[in-house]
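*Asks:* Would you be able to build a 3D model of this:
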Amino acid sequence: MERLAIDGGKPVFERPLPARNLIGEDEKLAVMHLFDDAIKSGEAFGYNGPAEKQYEKDFVDFMQGGFADGVNSGTNAVFCALGSLQLDALSEVIVPPITDNGGVTPVVFVGCVPVMADSDPRSYNVCADEIRPLINERTRAILVAHIGGEPVDMDPIVSLAREHNLYLVEDCSQSHAAKYKGKMVGTFGDVAAFSTMFGKHHCTGGQGGVVYTRNEQLYWQGKRFADRGKPFNLSAENNVVAGLNCNLNDLSACIGSVQIKKLPWIIEKRRKLAGVIKEGLKRSKAVSMGWQVPDTESSYWFIRLKLDSNAIRVDKQTFCKALQAEGVMVDPHYNHVPCTFPWFQNKAVFGKSGFPWNCSDYKGPRNPSFKMKNTCDVVEAHFIMHLFESWSESEINNILTALNKVEAAYLK
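*Replies:* Residues are numbered from 1 along each chain as shown. As a prediction, this is how the structure comes out:
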């Protein structure tokens, strides 16, 4: 049996896997044109200018209709999406159990209370069966996140939201162009949030985000909220609602317009490479692709892999360290469970007030505890593998070689 790299053997990858190379000459040229125009006119580029309007149009065209407002981060996209709903303070918002922290903190900063639903027992995503028991007279919205590029099973959740007259918000930060039953995520709820930071499927530079909706009223309400309450599309002269400055800018938008034209190829390549991984793992005894909702197309921000702990004689941490030593980009845990974080457990939001949970007007539990069995089990049963569209099929085949090598060494 071939000696593992972690034990001193020769690694499958003697050089690191190629960088992603997301930014190229096209983005550089577009930015230079923006600078040239600013220098020629004597006017600095700003925000809500031609470049930002063009990117928002490009985004809407990609989504095949609707309304888009560029903002300065994915977190603020969630914040402004929630702000567009104009929820009363202390409303409860059911949130996903596994997500970036910035996918939950906006709930408390619009004065509402996040209520954690458990995950589907088979994936990192939330599901209707876990949301339903949490709905009560205080619930006003459901927030779902499509994690890792994998779409949530939306039909049952849409039905649940309609049955109880609840808003539905989609966090698509990790799932640009992912599809559920032939339709892109972000088109099922009332409003959606996208992150366009440098690590996402397409970017607007270092940071950025988009609030997307097909509801024109929510679009204008979100746009006002994202720009200090300015009275867009109203006859009022002054700011009409309290809001922060969450604007995108023309420089970032200029990059975004170039990037979104590349997005179809990026998604196609990621799906193709993931398909090679899926096919190659069919012969594996310990590692398999994570379950996905039927009739969906993941956009594979990462690949979620399931490890059968009963088939190997080491723990997941050791297995993943061996893969890392072979040069494969894996993480043993996706520990993004906000309700376990100190800020949530200590209610560290507004000083020592404990708001919103400790507010005398809030009729829910002061110290909520959430049953997260599925979440704990699914995090423990899976690990994630990073995937770049810049990689070749040859490199993917070498990843499979490394997976098979490590598995063979550790099988019982």
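*Asks:* for the protein, longest helix please?
*Replies:* helix 250-280 (DSSP state H).
*Asks:* Could you give me the buried positions within it?
*Replies:* Buried residues in helix 250-280, defined by neighbour count with 16 or more other CB atoms under 10 Å: 250-260, 262-263, 266-267, 269-271, 273-274, 277, 280. C-beta: built from backbone N, CA, C; applies to glycine.
*Asks:* what's it packed up against?
*Replies:* Counting contacts by 3 or more CB pairs under 8 Å, 6 or more residues apart in numbering; DSSP states H and E, helix 250-280 is packed against helix 25-41, helix 50-62, strand 67-71, helix 393-410.
*Asks:* ok, 10 Å please
*Replies:* If contacts are counted by 3 or more CB pairs under 10 Å, 6 or more residues apart in numbering; DSSP states H and E, helix 250-280 sits against helix 25-41, helix 50-62, strand 67-71, strand 209-213, strand 287-289, strand 302-307, helix 393-410.
*Asks:* For the stretch 301-412 of the chain, just list every one of the strands.
*Replies:* 302-307, 330-331, 382-386 (DSSP state E, counting those that start in this stretch).
*Asks:* taking the mean pLDDT, what do you get for the longest helix of the chain?
*Replies:* For helix 250-280, the mean pLDDT works out to 98.
*Asks:* is it true that Ile94 lies in a helix?
*Replies:* No: if the criterion is DSSP: H, G, I helix; E, B strand; the rest coil, then Ile94 is strand and not within a helix.
*Asks:* That one against Glu130, yeah?
*Replies:* Yes: in this structure, Ile94 is within contact of Glu130 by CB atoms under 10 Å, at 9.2 Å.
*Asks:* Give me the common contacts of these two.
*Replies:* Met116, Ala117 (CB atoms under 10 Å, 6 or more residues apart in numbering).
*Asks:* The two: who's more crowded?
*Replies:* More neighbours surround Ile94 than the other of Ile94 and Glu130, with 27 against 22 (other CB atoms under 10 Å).
*Asks:* so how far is Leu160 from the more buried one?
*Replies:* Using CB to CB, to the nearest Å, one gets 10 Å for the distance from Ile94 to Leu160.
*Asks:* anything in contact with each of those two?
*Replies:* In contact with both Ile94 and Leu160: Ile131, Arg132, Ile135, Ile142, Leu166, Leu168, using CB under 10 Å, 6+ apart.
*Asks:* Quick one: which of those residues is the most crowded by neighbours?
*Replies:* That'd be Ile142 among those, by other CB under 10 Å, with 29 neighbours.
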